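**Student:** got a predicted model here, sequence first, then my questions.
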Amino acid sequence: MSTPVDSIQTIKVPKPVPVTTTRFRPPKKNIPQTKGERDTFLQEIRAYVEAENPVPPMPIEELDEHAKKILAKLGYEGDDTYLHYTAVCLNNEMWRETLAEIPYERRLLLMPKCLRVEEKCPAPFDEFGLLCKQCGLCSIQDFQNEAERLGYAVLVAEGSAIVMSLIQTGQIEAIVGISCLPVLERTFPYVEAAAIPSIAVPLLQDDCINTTVDQDWVWEYIHLTSDDKTRRLDLNSLHEEVKGWFTPEAIESVMGPAEGVQEEIAREWLARDGKRWRPFLTVAAFEALRDDRGEEIPEDLKKIALATELFHKASLIHDDIEDEDHGRYDQPTLHAEHGVPVALNAGDLLIGEGYRLIGESEVSDAQKAEMLLVSSVGQRELCRGQGAELVWANNPNPLKSKQVLEIFRQKTAPAFEVALKLGASYAGKLEEVGDVLAQYSENLGIAYQIRDDMDDLGEDAGENELEQMRPSVLLAVARERAKGDEKALLESLWSHEDLEDLAIHKIRKLAHEVEADEKCLLLLETYKEAAVRSLADLDNANLKGLLRRVMGKIFNDLEIKGWCREFEVKHGVREDE
């Protein structure tokens, strides 16, 4: 007879993406230090281009004047620290729509050899540059393979002579390049003189060895195409609009007035804080697949979007009861506030309301049946994952990291899959994209849960996180890597022995010493990349482009707390305090 641990299947982990310690080297001081800061710059630059419509090619002096105006809006008036960086990003956005109109096969991807891991790179050089050996140690391989698949010419070389000769042959009409700021400054006059559309993603370091780049930006520019009619869609504005649907007044406008105290309690919980990723995904999928692009979001779609959040918020109520958690959103959980019976009933009510809204939507009977089936299958899969965890909790023996990932797949991925599929179904396109959405959601869900797992044991976590043991990929990896007394210490977590001696900061330190945090960051990047790769064969350019950007938006808004200080000190990102 199998034990609860044995009954949990193991998931196949995708091939790791190239992640080396160089990924965590700090950017130069003339480049915004964090991903979030860089994306804020880009957002402000895109808003400026949309409003002012500056026309390329533009002399560097004029470009700098525009850049100074943008910096003033960002709070850097009179501070030229990020002037050249802003000018480069501005030049990119000025050319962005022109680049989108140029076929992939008329473009050149130009990368510097310093992206490689120099001390381990086996690639030789010829007169045209580096000849990648596909060793997987750096990002050059992935960029090159995807660009060539699309039809790009690709060079891994420095120097303007080769590029200019290619331009003069007439075979290349646009360049997507990666380079450090000093090289970009030197080559800018040549590119301006040629008046060729050019996008240049700045390297985060300019010391010519083991450099890194904002990979999300590179992927976005490589794939930029006029076939993607959603490329101008402002995801930040869309997300904010969706969040606005969860005020008490907005909820009542869609669901009708609350009847009785129990409904008031359930709706108050629905309106409480939350990222609203699932309704956002529903609307994003619809926006990518709708035929009447550019029109307002249908009021009827709000019912479907609210349904996805109703299902999610119900699952949180039940999870909190099952896990004996007493706090969420910096407030008491619903059962801590109103008691278990009332909370259970509220969760059940929210599930019923979700199905009601789907049933009341103004779509065909076939679409309603499709959406109801998608929702019920997702509910079933989520309960199976939660059930596997609950059965395990009765006898919490150590889990392998792959077994934890399988629980993550069952617990978290279904909600994302339901959200995306409901949007696709409402647009009438589920049959043609359903399989891709399932693959994408599985990898997105696992990546999201890995991030949450690390955050749950981060510096903001309370000591009671160890009192109710739950499957943790970080602790599983730490146990797999630990030896001797360290392994025995981690084993005792599951037996609840000597918990008073197992302060969470000690566990965090131990996990860091065996590099379990680095392994989990690698897993996080691996599943994010697997989600993007699942879109490779998707024929719908709108959905492909939008879901790639959605991935960046979700994870750019997330911050893993508590594992970064020692990690960044180790890799030189910050000084020890």
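**Tutor:** Great, that's in hand. Since the structure is predicted, the reported quantities are computational estimates derived from the model, not experimental observations.
**Student:** now do the buried residues in stretch 71-79.
**Tutor:** Residues of stretch 71-79 classed as buried: Leu71, Leu74, Tyr76 (neighbour count, 16 or more other C-beta atoms under 10 Å). C-beta here means a position set from N, CA and C on the backbone, and glycine is covered the same way.
**Student:** same thing with stretch 541-561?
**Tutor:** By 16+ other C-beta under 10 Å, the buried positions in stretch 541-561 come out as 541-555, 558, 560.
**Student:** and the nearest residue to Val156 once chain neighbours are set aside, its phi and psi?
**Tutor:** In space, Val156 comes closest to Leu130 once its chain neighbours are excluded; the distance is 3.9 Å by C-beta to C-beta, 6 or more residues apart in numbering. Dihedral pair for Leu130: phi -80, psi 140, per degrees, to the nearest 10.
**Student:** sorry, back to before: can I get the buried residues of stretch 71-79 in JSON lines with secondary structure and distance to Asn210?
**Tutor:** Shown next, in JSON lines, are those (DSSP: H, G, I helix; E, B strand; the rest coil; distance: C-beta to C-beta, whole Å):
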{"residue": "Leu71", "secondary structure": "helix", "distance to Asn210": "30"}
{"residue": "Leu74", "secondary structure": "coil", "distance to Asn210": "30"}
{"residue": "Tyr76", "secondary structure": "coil", "distance to Asn210": "29"}
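**Student:** and of these, the nearest to Gly428?
**Tutor:** Leu74 (42.0 Å; C-beta to C-beta).
**Student:** which stretches of this protein form strands?
**Tutor:** For the chain, applying DSSP state E gives strands covering 107-111, 125-126, 129-130, 153-156, 174-179, 198-202, 327-328, 331-332.
**Student:** show me this structure divided up by domain.
**Tutor:** 21-223, 235-570 (automatic domain parsing).
**Student:** out of the ones you listed, nearest to Lys229?
**Tutor:** Judging these by C-beta to C-beta, what sits closest to Lys229 is domain 235-570, at 5.4 Å.
**Student:** what about the residue nearest to Val156, distance to Arg290?
**Tutor:** To Arg290, Leu130 is 44 Å away according to C-beta to C-beta, to the nearest Å.
**Student:** go on, Glu529?
**Tutor:** The value you get for Glu529 to Arg290, if C-beta to C-beta is used, is 28 Å.
**Student:** a markdown table for the domains of the chain, including distance to Lys229 and mean pLDDT?
**Tutor:** Shown next, in a markdown table, are the domains of the chain (distance: least, C-beta to C-beta, whole Å; pLDDT from 0 to 100):
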| stretch | distance to Lys229 | mean pLDDT |
| --- | --- | --- |
| domain 21-223 | 10 | 84 |
| domain 235-570 | 5 | 86 |
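**Student:** I figured Leu310 hits Leu350, correct?
**Tutor:** Yes: if you go by C-beta atoms under 8 Å, Leu310 and Leu350 touch, sitting 4.6 Å apart.
**Student:** what number of residues lie near the nearest residue to Phe246 once chain neighbours are set aside?
**Tutor:** Leaving aside its sequence neighbours, Phe246 sits nearest to Ala271 (C-beta to C-beta, 6+ apart; 5.5 Å). Residue neighbour count, defined by other C-beta atoms under 10 Å, stands at 16 for Ala271.
**Student:** contact partners of stretch 294-311?
**Tutor:** Identification of contacts with stretch 294-311 by C-beta atoms under 8 Å, 6 or more residues apart in numbering yields 241-242, 245-246, 251, 254-255, 270, 274, 276, 278-283, 286-287, 350-351, 353-355, 357-358, 360-363, 371, 375, 378-379, 415, 418-419, 422-423, 426.
**Student:** go through the chain and flag its longest helix.
**Tutor:** Longest helix of the chain, by residue count under DSSP state H: helix 365-394.
**Student:** and that one, how far from the chain's centre?
**Tutor:** Here helix 365-394 is found 24 Å from its chain centre; the criterion is C-alpha atoms, centre = their mean, to the nearest Å.
**Student:** equivalent analysis for stretch 178-192, please.
**Tutor:** When C-alpha coordinates are averaged (C-alpha atoms, centre = their mean), stretch 178-192 and its chain have centres 30 Å apart.
**Student:** just stretch 359-369 next, same as before
**Tutor:** With C-alpha atoms, centre = their mean, you get 31 Å for stretch 359-369.
**Student:** what's next to that stretch, contact-wise?
**Tutor:** Residues outside stretch 359-369 that contact it (C-beta under 8 Å, 6+ apart) are Asp300, Lys303, Ile304, Ile358, Met371, Leu372, Ser425, Tyr426, Gly428.
**Student:** alpha carbons only: can I get that stretch in PDB?
**Tutor:** Extracted C-alpha coordinates of stretch 359-369, given in PDB (Å, rounded to 0.1, in the frame of the first residue of the first chain):
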ATOM      1  CA  GLY A 359     -24.500  31.100 -16.600                       C
ATOM      2  CA  GLU A 360     -25.900  34.600 -16.900                       C
ATOM      3  CA  SER A 361     -23.300  35.700 -19.500                       C
ATOM      4  CA  GLU A 362     -24.700  36.700 -22.900                       C
ATOM      5  CA  VAL A 363     -23.000  34.100 -25.000                       C
ATOM      6  CA  SER A 364     -24.200  31.100 -26.800                       C
ATOM      7  CA  ASP A 365     -25.300  28.000 -24.900                       C
ATOM      8  CA  ALA A 366     -22.300  26.100 -26.400                       C
ATOM      9  CA  GLN A 367     -19.900  28.800 -25.000                       C
ATOM     10  CA  LYS A 368     -21.600  28.600 -21.600                       C
ATOM     11  CA  ALA A 369     -21.200  24.900 -21.500                       C
END
